[in-house]
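In: requesting a structural model of the entry that follows:
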Amino acid sequence: MAVNLRNELIKASKIHFEAHIEKHRVNVENLLQNSRGIGEHGDIMDTIEKELEEISKYHDLIEVLNKYFPKEYDGTSTKELING
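Out: Numbers count the residues shown, from 1 in each chain. As a prediction, this is how the structure comes out:
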């Protein structure tokens, strides 16, 4: 069976983005659970907001992949994808 490079690249990108989401999710959870002992984070709310922005960025990238780069794609036109 031949490897479909397109699908492998999309799959690898999603895994990469999901890993970043998990990293930032754990950071937020850590801040929520252990906020007293974190000296370098004077403004915990600001730090949490920055972590959430990172989660949002990677979440949005996954959404873009899902919408504009469907698994079943014949390569003929993207007009249907943009108008859909």
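In: report all helices and strands that the longest helix along the chain contacts.
Out: Taking DSSP state H as the criterion, the chain has its longest helix at helix 5-33. Counting by 3 or more CB pairs under 8 Å, 6 or more residues apart in numbering; DSSP states H and E, the packing neighbours recorded for helix 5-33 are helix 44-68. From N, CA and C alone the C-beta is placed, and that goes for glycine too.
In: buried residues in stretch 25-36, which are they?
Out: In terms of neighbour count (16 or more other CB atoms under 10 Å), stretch 25-36 has its buried residues at 27-28, 31.
In: need those residues in a markdown table (columns: pLDDT and distance to Y58).
Out: Output for the buried residues of stretch 25-36, formatted as a markdown table (pLDDT from 0 to 100; distance: CB to CB, whole Å):
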| residue | pLDDT | distance to Y58 |
| --- | --- | --- |
| N27 | 96 | 13 |
| V28 | 96 | 13 |
| L31 | 92 | 18 |
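In: next, the angle from the longest helix of the chain to helix 44-68.
Out: With axes from the mean of the first three to the mean of the last three CA atoms, to 10 degrees defining the directions, helix 5-33 sits at 160 degrees from helix 44-68.
In: how many neighbouring residues does E63 have?
Out: 11 (other CB atoms under 10 Å).
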